[in-house]
Structure formats: C-alpha cells, structure tokens
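Enquirer: Turn this into a model:
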Amino acid sequence: MLTACVPASTAPASAPAPEPVARPAPVPVAPPPVIQTPAYDNWMDAPASAGDWRYTAQGGRSEATFWGRGERPMMRLRCPADRRGVILSLSESGSPRPLVTIRTETTTRTLAMQPAGGEMILVLSTDDALLDAMALSKGRFALEATGLPALIVPSWAEVSRVIEDCR
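Expert: Reported below is the predicted structural model:
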C-alpha cells in the first residue's frame with residue numbers, strides 16, 4: 001500500500017544498448033627501410049668511384065682527368081711543360097690545411113695539399129715511388145682527402161701515360 005503513494009517514475013524506459021560494430025584489426029605499418037652505406041674492412045673491397053679517365057696532351061703538357069657525373073673533374077694528374085713533377089689535384093674541400101692519404105696495394109702515405117684556385121694541389125717528384133705504386137696498384141688506388149668523400153679510382157693507362165710523360 002505504501003507503494004501506491006509513491007508517484008510512478010517519469011523516466012523513459014532505457015533503450016537496449018546497440019550491439020558493438022565489428023571493426024577490422026589495424027594493419028601494422030612497417031617503418032621505411034633504413035639505407036645504410038656499407039662499411040668495408042679494406043678499401044680494396046669497396047666499389048670504385050663512378051667515373052672515367054680522360055687523357056689529353058698539348059704543347060708539351062699532358063693530363064689525366066678522372067670525371068664523375070658532375071661538371072668538374074674529381075681528380076687530375078698533370079705533367080706540366082717544365083716537367084718538374086707530377087701535379088695531383090682534387091676539388092677544394094674548404095680545409096685551411098688539407099691532407100690527402102693515398103692508398104695503393106703496396107704503399108700508404110699522407111701528404112699535405114695546398115689550396116690553389118678552386119682546387120687542392122700536391123706536387124710529387126717524378127722519381128717518387130708513390131707514382132709507380134699508383135700506376136701499378138692492382139687496378140685501383142684510393143685518395144682520402146680532408147673534407148671530401150673517399151675517391152677510389154682505377155689505375156688505367158691514362159695514369160701511367162702522364163707519369164711517363166714527366167720522366
């Protein structure tokens with residue numbers, strides 16, 4: 001009887017909860033691959049730098065130039081007309097005291113280069129054994145200069161021709 005004195009609830013009857021919608025599981029997204037430059041224990045195992053040698057001779061001077069994909073040569077070996085030495089030149093690195101390490105099959109030597117007009121130069125005496133090592137180095141030699149990527153170039157006939165032109 002007491003329940004008859006309590007007013008009836010005015011709240012609407014609750015609707016039944018909707019059934020959950022089945023959603024597909026998220027597809028995992030793989031991270032992009034990380035491209036790493038391979039490391040080599042020995043410079044002779046690394047691939048050669050992309051490019052070709054070109055030889056020119058004119059007016060008592062000769063030059064072997066290693067061209068990559070750019071507009072400028074990556075390396076030059078020159079025999080000037082006075083034949084006082086073989087001039088090795090590389091692109092300028094911006095270093096005030098650039099060094100170059102030349103690696104051959106039989107010899108490794110680090111030498112100071114001098115900035116000169118947009119490039120770095122080094123003069124090697126015509127009787128320097130390093131020149132012979134570069135010409136006969138199991139088909140390639142390497143140059144590692146301050147501030148520049150390593151350069152691994154083939155020791156093709158153009159290299160030998162410039163050296164012999166100076167001797």
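Enquirer: Which is the succeeding secondary structure element to the helix-or-strand element of the chain with minimal mean pLDDT?
Expert: Scoring the helices and strands of the chain by mean pLDDT, DSSP states H and E places helix 2-5 at the bottom, with a mean of 56. For helix 2-5, the following helix or strand on the C-terminal side (DSSP states H and E) is strand 52-58.
Enquirer: Same question for whatever helix or strand comes next after that next one: list its buried residues.
Expert: With elements assigned by DSSP H and E, the helix or strand that comes after strand 52-58 is strand 61-67. For strand 61-67, burial by neighbour count (16 or more other CB atoms under 10 Å) applies to Arg61, Ser62, Glu63, Ala64, Thr65, Phe66, Trp67. Yep, even glycine has a C-beta here, placed from its N, CA and C like the rest.
Enquirer: cool, and stretch 149-159?
Expert: Buried-residue list, stretch 149-159, by 16+ other CB under 10 Å: Leu151, Ile152, Val153, Pro154, Ser155, Trp156, Glu158, Val159.
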